[in-house]
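Q: next come a sequence and a model predicted from it.
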Amino acid sequence: MSTTPLPTRRAGALPGLVAAAHPGPAAAVTVVAALLAVDAGQPARTTLVVALAVLAGQLTVGWVNDLVDQKRDRAVGRADKPLAAGRVAAHQVRTAVVVAGAACVALSVAAGWRSGLVHLVLGVGSAQAYNLGLKGTRLSWLPYAVAFGTLPAVASLAGSAPAWPPWWTTAAGAALGVGAHVLNALPDLADDVRTGVRGLPHRLGERAARPLAAGLLVAASLLAALGPAGHPPAWVWAALLVVAALATVALTGRGRVPFRAAMLIALLDVVLLVAAG
């Protein structure tokens, strides 16, 4: 008989519900989307709508991820996963997915049909495809490349004057997304293989995957810094030195530290893009 405690009150389950949404990455991607909207010249209202749409989508992605992985997380004793540890019930997470999903659709449409289509199909759709099957295949990198690569378009296609972003922002986002995916998978390689997950990082192995991820992060930063026309100012080169330091952390760190370094590089890349705009 299981002794796993199940939450019985909504208030008591709230911390677990928040944790199951992967709040760190969700917040980081939301901030990136807001900064990209600022870079695209969007007014405050449109920027807010884009940010809220992305946040709602990220919440659904995190919750579906934990729902799909619930049995695997329990099998390997993931105490940091609220569903596996019994700090929130599956039906509560499913309800949250429905609510956040409805909000995501409404907000995405409110941002403009072009932006909404890109966000719902290529952004959230790719992420959910990862959750629902691609995670365990050699194409596990593809949803990250598509979702991160099209995030600048979600921002620039919103509002009353939609426009496609420059090519280098798409390339930088795709490289950043794949690099972050590889780094995020590294701490759980052994547990994932035990439960049948064999994505690209698992097939490469840590020795090959870690330098690949660091190289992709540096490539993304170079695209963000050097893509705009003209000669980069001195501070851009200083920012690239910081990126190099963070990439070193991503290359040599352990646990979740490399993924956090990747998120910092992501935010720095967006700052570079906003400043260039």
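A: Nice, I can see it.
Q: so where do the helices sit in the stretch 101-250 of the chain?
A: 113-117, 125-131, 141-156, 167-185, 189-194, 200-204, 206-226, 234-252 (DSSP state H, counting those that start in this stretch).
Q: quick one, which of those gets closest to Val76.
A: helix 189-194 (4.2 Å; Cβ to Cβ). C-beta: built from backbone N, CA, C; applies to glycine.
Q: from the contact counts, what lies against that closest one?
A: Judged by 3 or more Cβ pairs under 8 Å, 6 or more residues apart in numbering; DSSP states H and E, the packing partners of helix 189-194 are helix 70-75, helix 200-204.
Q: lowest-confidence stretch among those?
A: Of all the helices and strands packed on helix 189-194, the minimum mean pLDDT falls on helix 70-75 (a mean of 84).
Q: how about the next helix or strand after that one: buried residues?
A: Where DSSP states H and E defines the elements, the next helix or strand beyond helix 70-75 is helix 82-85. By neighbour count on 16 or more other Cβ atoms under 10 Å, the buried set for helix 82-85 is Pro82, Leu83, Ala84, Ala85.
Q: so Val31 makes contact with Ala266?
A: No: contact criterion Cβ atoms under 8 Å: Val31 and Ala266 do not qualify, at 9.1 Å.
Q: the two: who's more crowded?
A: Taking other Cβ atoms under 10 Å, Val31 and Ala266 do not tie; Ala266 has more neighbours (27 against 17).
Q: which element is the more buried one on?
A: Assigned by DSSP H and E, Ala266 belongs to helix 257-276.
Q: what pLDDT, on average, does that helix get?
A: Mean predicted lDDT for helix 257-276 stands at 78.
Q: gap between Ala127 and Ala21?
A: Going from Ala127 to Ala21 by Cβ to Cβ, to the nearest Å gives 13 Å.
Q: just Ile265 next, same as before
A: Distance of Ile265 to Ala21, computed by Cβ to Cβ: 23 Å.
Q: same question for Val64.
A: Val64 sits 10 Å away from Ala21, going by Cβ to Cβ.
Q: the two: who's more crowded?
A: Neighbour totals were compared for Val64 and Ala21, and Ala21 leads with 25 against 21 (other Cβ under 10 Å).
Q: give the contact list for the spatially closest residue to that one that is not a sequence neighbour.
A: With Cβ to Cβ, 6 or more residues apart in numbering as the criterion, Ala21 has its nearest non-adjacent residue at 4.1 Å, and that residue is Gly62. Residues near Gly62 by Cβ atoms under 8 Å, 6 or more residues apart in numbering: Ala20, Ala21, His22, Pro23, Pro25, Ala26.
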